[in-house]
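> Sequence below, structure please.
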Amino acid sequence: MNKGEIRTRVLEQVDWSPSQSTEFKAKVDRLINRAYQQLALEAPFLFFEEEARIITQADVSTASDNTKDVLAVNTEDLYVLERKYTSLTVSAGDTPQSWSTDGDWDGRMIQVERSDGQVLRRRIREIWQDSSLDVSSGVTTFYDRISIDHPWPNASDTGMSYRIFTDVYELPADVVELRSARIFADTHYQLEVMAQNEMERYEYTDYRGNDTGRPYRIFRGRHFQIDAPTSSPAVTLKSPQQAVDAWVGPDPAGEFDYCYTYVWGLRDNELEAPVGFSEPKWESAPSPISEKIVHPGSPVYSILVKTPNIDQILNFYEEFNTVTKTIVTPVRSKRSGLRKRIYMRRYDQFVPPAGAQKVEASEIFFLLTEIDGHKVTYTHDGSDIPDYYRRLKETHGYQSVRLWPMPDERYEVDLRVLRRPQPLVHDHDAPRVHEEAVDALIQRALSFLYEYQGNSELATFSLGRYSDLLQTLTKRYGQITGLRPRKVPARIRQAGREVRVVYKA
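Residues are numbered from 1 along each chain as shown. Model prediction:
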């Protein structure tokens, strides 16, 4: 039974008129989704278990036999740590170990030891490489650079050893319960799910990487959240003055609105979406929704979507030099690590040309594209196909897990989890529960609707029917039959005689 059918059942129950306004239907839909979330909280056993994966990253430390593999703070920008080497050292084979600049190291932690022995920790915002050519000598100088989350205490530190590590691994944002974990290997090795307090009490929270190997324990870590955008994207029709402004397709024109999120870091390539979008480590909640815009149908137009420059907001763009009284570009410019994901919702399409395929007007936000944080415009011209498998999700941050010992290499960890249900958006969206549980969902939605109408008597009656249904469903789905407690006999000898007792196993 889908959301539209559930709404019909709810309105039939209250004997409502068969024709309702759009606003009233939207209000009933919100009550249904509220009941859906309440059911997940009170009876999680009615929802289907799912699988998730995390993929570990090994530590990367300064090579002890390589004098080039050390860090210095950039003298002009305290938000940048770097190491330097030249094309001469490259040709001689004396180069530091390679760093990943693909984004999968963004968001990791870096531990740096200063010359006085003090160890400082920073979060990596982004890793990239710059170079400069000395024309007179023909020597190229390479700079491997890391932007960090807060500035270094001075501009003079050099020759510092480092360790790049991942202290926690974030679960998918909608995971609410971890039930088991196994390493995908020849033995499919199972990890022991431990209590956080117990692991901290016995000092299994290893930050320095003293104990590494194949993990066999997993426990809860910290929560992490990216602040959501606060302004909606601005949308306008792009002037048809150039050929590049035209609607090119293959996605047809129509009526749309947009929103966007901030994302940071990348998960392993194995976790990519089927259409090829990489999965970010973290994604914010969505921005406010833009106004609707109707494409006129003429191919000479496209839609311009404008978003804020998040790099500038975070002070990772241009800045004002108080000494020279000029705008300068720091080394960290455009290196905040954040990107923007633009989501599109389609309401309708124009009649497609002969032979063209009609697309769904599903009124659901799908991922359209991803742009750098400093880019403020995106031209929607139909050339990017929305990702049908990546709907806009509600994100309240990420719960992480820790592994012990810290992984010494890449491991794939399969997780058996319970996910928080995503809202039912389209009328044909079906709740992810056992079919027998739909009646309980309807009764809970009725209790909310009666409460909204001020009918406390019927609200209490529906809530009572909901409770009765939950009791019945608990007997069916609340426990696995083989795991129900049973009474078994045992014999105990006392004072020379045998006493037969019965106890619960």
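> And the spatially closest residue to Q422 that is not a sequence neighbour, what's its pLDDT?
Among residues not flanking Q422 along the chain, K393 sits closest, at 6.0 Å (C-beta to C-beta, 6 or more residues apart in numbering). C-beta coordinates here come from the backbone N, C-alpha and C atoms, glycine included. For K393, the model assigns a pLDDT of 91.
> Settle this for me: K393 is touching V175, isn't it.
No - between K393 and V175 there is no contact under C-beta atoms under 8 Å: 11.9 Å.
> How are the helices of this protein distributed by residue range?
Applying DSSP state H to the chain gives helices spanning 3-13, 22-42, 87-91, 196-201, 310-313, 438-453, 456-477.
> For those helices, which has the smallest mean pLDDT value?
helix 87-91 has the lowest average pLDDT among these, namely a mean of 79.
> Any idea how many residues pack against the nearest residue to T166 once chain neighbours are set aside?
Nearest residue to T166 in three dimensions, chain neighbours excluded: Q57, at 4.6 Å (C-beta to C-beta, 6+ apart). Neighbourhood size, Q57 [other C-beta atoms under 10 Å]: 19.
> doesn't D167 make contact with Q57?
No - applying C-beta under 8 Å as the test, Q57 and D167 come out as separate, 10.5 Å apart.
> can you count the residues close to R208?
11.
> One more: E76?
Neighbour tally, E76, other C-beta under 10 Å: 11.
> So for it, what's the pLDDT?
Reading off the confidence values, E76 has pLDDT 93.
> which ones are touching the spatially closest residue to it that is not a sequence neighbour?
Leaving aside its chain neighbours, E76 sits nearest to V331 (6.1 Å; criterion: C-beta to C-beta, 6+ apart). Applying C-beta atoms under 8 Å, 6 or more residues apart in numbering to V331 gives the contacts N74, E76, D77, Y79, V80, R145.
> For V73, see how far away the fifth one is.
Going back to what we said before, that points to V80. Using C-beta to C-beta, to the nearest Å, V80 is found at 7 Å from V73.
> What lies in contact with the longest strand seen in the chain?
Secondary structure of the chain per DSSP state E: the longest strand is strand 119-134. Here strand 119-134 makes contact (C-beta under 8 Å, 6+ apart) with 79, 81, 99-101, 103, 105-114, 139-150, 152-153, 164, 316, 335-337.
> before we move on, back to that, and the gap between the residue nearest to Q422 and Q20?
Noted for K393: a distance of 28 Å to Q20, by C-beta to C-beta.
> the more surrounded of these two?
K393 (17 against 14).
> Give me the residue ranges of the stretch 201-350 of the chain where confidence is low.
Along the stretch 201-350 of the chain, segments meeting pLDDT under 70 span 206-207, 240-244, 349-350.
> Could you rerun that using 80?
For the stretch 201-350 of the chain, the stretches flagged by pLDDT under 80 are 202-209, 239-245, 273-276, 297-300, 320-323, 348-350.
> For L441, list the residues it contacts.
Counted by C-beta under 8 Å, 6+ apart, L441 has contacts I6, I32, A35, Y36, L39, P431, V433.
> TSV for the residues you listed, including neighbour count?
What follows is these, written out as TSV (neighbours: other C-beta atoms under 10 Å):
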residue	neighbour count
I6	25
I32	23
A35	24
Y36	22
L39	25
P431	23
V433	22
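> Among those residues, which pair sits farthest apart?
Between any two of the contacts of L441, the greatest separation by C-beta to C-beta is 12.6 Å, found for I32 and V433.
> How is the chain partitioned into domains?
What automatic domain parsing lists as the domains of the chain is 1-47+421-505, 60-165, 172-222+404-420, 234-395.
> what's the closest of those domains to A228?
It's domain 234-395; of these, that one is closest to A228 (C-beta to C-beta) at 3.8 Å.
> residue contacts, S232?
C259, S287, P288, I289, S290, E291.
> mind checking the end-to-end distance for stretch 383-397?
32 Å (C-alpha to C-alpha, to the nearest Å).
> Contacts for it, please.
For stretch 383-397, contacts defined as C-beta under 8 Å, 6+ apart pick out 173-174, 223-225, 248-251, 259, 261, 273-275, 277, 283-286, 343-344, 346, 364-369, 422-423, 425.
> Mind checking which of those residues are buried?
In the contacts of stretch 383-397, burial by neighbour count holds for 173-174, 251, 259, 261, 283-286, 343-344, 346, 364-369, 422-423, 425, counting by 16 or more other C-beta atoms under 10 Å.
> Mind checking which of the contacts of V331 are in strands?
Those of the contacts of V331 lying in strands (DSSP E): V80, R145.
> Who does S147 form a beta bridge with?
S147 forms beta bridges with V80, E126, as assigned by DSSP bridges.
> Also E283?
When bridges are called by DSSP bridges, E283 pairs up with V263.
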